[in-house]
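# kindly generate the corresponding structure for this input.
(4 chains)
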There are 2 protein chains.
Amino acid sequence: MPAAPESEQLLRSAHLRVTRPRLAVLDAVHEHPHADTGSLIADVRRELGEVSHQTVYNALRALTDAGLLRNIQPSGSAARYESRVGDNHHHVVCRSCGAIEDVDCAVGIAPCLTASDDHGYAIDEAEVIFRGLCPTCSSASITDQNQSPGRDPHVR
Amino acid sequence: MPAAPESEQLLRSAHLRVTRPRLAVLDAVHEHPHADTGSLIADVRRELGEVSHQTVYNALRALTDAGLLRNIQPSGSAARYESRVGDNHHHVVCRSCGAIEDVDCAVGIAPCLTASDDHGYAIDEAEVIFRGLCPTCSSASITDQNQSPGRDPHVR
DNA sequence: GAAGAAGATTTGATCGATTCCAAAAAGCTG
DNA sequence: CAGCTTTTTGGAATCGATCAAATCTTCTTC
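Numbering: from 1, shown residues only, chains lettered A, B, ... in the order given. Got it, this is the predicted structure:
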């Protein structure tokens, strides 16, 4: 009697062995999209008790390679993962707190994938990252005049 | 009698003190666009003799903050820098060897900067990264059938 | 449902990129 | 050229991620 039949099925259909750490990692990413590796490790341990960080790294790698997760690496942050895969969506990243939100492609799928000059590259993916201030940081920087701007504040 | 009057002028107009390391860093990035920090350190040392890595990091930070350089961070690679700034261009990155080329925005400036749903963010920049295989790696992977795919080969 | 082989997890070391720090040196202003 | 500020040095420390060997699980097969 498996706790999360769906996750288990996902693993099996990807020809991956079903293990407790992998199930926990999969669930953690589903529950906290865009979470970084550190907090995912914490989530998994909260769920299962002590689990080595190596195991979480291994699981993230395996799940990503299998196409079950997607890896994103905003500048200046540890690797982050999300479970929305294969749907051509992009991200907004807050310059101040590092928060991330999903954004659907502005102009449909095709235009985003077309480079003006591909330099002979066989391009198979286009990633778009929007940067700016999230609502919270935005209002904070108006209110709080004497804060130091931009140098990663309340990131966790 | 300055060696590179232009670079010196650039620094002065950005209200930065003119030092030999900074001039060398500026020149190195101009000569090798998209170079990573490691090779820039090597370039600077080739030019000036021993220079601490910290100095190069400081210079890159200062020049980037001043808007004289732009920082890009492809996943899985050290930070890279380029001197084309303020002209809204993007990049193609080779999945295999990590090579980077500039790409002008496919659909003009405005569409690229427009997110379908901005989630309340005050967006000020949109970055596009195209991924695929460069001509060299592309033909190599056709010829060389038994190569292991994707796990960063001849990166340096 | 037990045994064996392939694959996962643990443990602990190691690495590469980057940052922190205090002291010494160099650039700029008057 | 004197003095103040900013940079550079050199070394240690941090952080995220990877490597490697030994041990333990899962899946397969009988």
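
# nearest the geometric middle of chain A, what residue?
Central residue of chain A (C-alpha atoms, centre = their mean): A:Y81, 2.7 Å from the mean position.

# name the single longest strand found in chain A.
Looking across chain A with DSSP state E, the single longest strand is strand A:122-133.

# tell me the mean pLDDT over that one?
Mean per-residue pLDDT for strand A:122-133: 88.

# what angle do that strand and strand B:122-133 make?
On the basis of axes from the mean of the first three to the mean of the last three C-alpha atoms, to 10 degrees, strand A:122-133 is oriented at 160 degrees to strand B:122-133.

# close to DNA strand D, is the helix or strand where the residue nearest to the centre of chain A lies?
Using DSSP states H and E, A:Y81 maps to strand A:80-82. No: using C-beta under 7 Å from any atom of the strand, strand A:80-82 stays clear of DNA strand D, coming no nearer than 8.2 Å. Bear in mind the C-beta positions are built from the backbone N, C-alpha and C, glycine included.

# just the residues contacting that strand, thanks.
Here strand A:80-82 makes contact (C-beta atoms under 8 Å, 6 or more residues apart in numbering or on different chains) with A:29, A:33-37, A:40, A:60, A:64, A:69-74, A:100, A:102.

# from the chain's centroid, how far away is it?
With C-alpha atoms, centre = their mean, to the nearest Å as the basis, strand A:80-82 stands 2 Å off its chain's centre.

# quick check: bridge partners of the residue nearest to the centre of chain A?
Listed by DSSP bridges, the beta-bridge partners for A:Y81 are A:A35, A:N71.

# what about it, distance to A:V25?
For A:Y81, the distance to A:V25 equals 9 Å [C-beta to C-beta, to the nearest Å].

# and DNA strand D, which of the contacts of strand A:80-82 reach it?
Near DNA strand D, by the rule C-beta under 7 Å from any atom of the strand, you find A:D36, A:T37, A:Q73 out of those.

# quick check: A:L26 touching A:Q9?
No: judged on C-beta atoms under 8 Å, A:L26 makes no contact with A:Q9 at a distance of 10.9 Å.

# between those two, who's got more neighbours?
The neighbour count for A:L26 versus A:Q9, taken as other C-beta atoms under 10 Å in any protein chain shown, is higher for A:L26 (25 against 12).

# give me the element the more buried one is part of.
Using DSSP H and E, A:L26 sits in helix A:20-31.

# quick one: that helix near DNA strand C?
Yes: using C-beta under 7 Å from any atom of the strand, helix A:20-31 reaches DNA strand C at A:R20, A:P21, A:R22.

# what about chain A, any weak spots by pLDDT?
Applying pLDDT under 70 to chain A flags residues A:1-4, A:106-116, A:141-156.

# who in it is up against DNA strand D?
Residues of chain A lying near DNA strand D (C-beta under 7 Å from any atom of the strand): A:12, A:17-20, A:36-38, A:53-54, A:57, A:61, A:73, A:78-79.

# of the residues you listed, grab the buried ones for ChimeraX.
Per 16 or more other C-beta atoms under 10 Å in any protein chain shown, the buried members of the residues of chain A next to DNA strand D correspond to this ChimeraX selection:
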select /A:36,37,79
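
# now, which of the residues of chain A next to DNA strand D lie within strands?
Going by DSSP E, the strands hold A:D36 from the residues of chain A next to DNA strand D.

# grab the nearest non-local neighbour of A:A78.
Nearest non-adjacent residue to A:A78, counting by C-beta to C-beta, 6 or more residues apart in numbering or on different chains: A:D36, 4.3 Å away.
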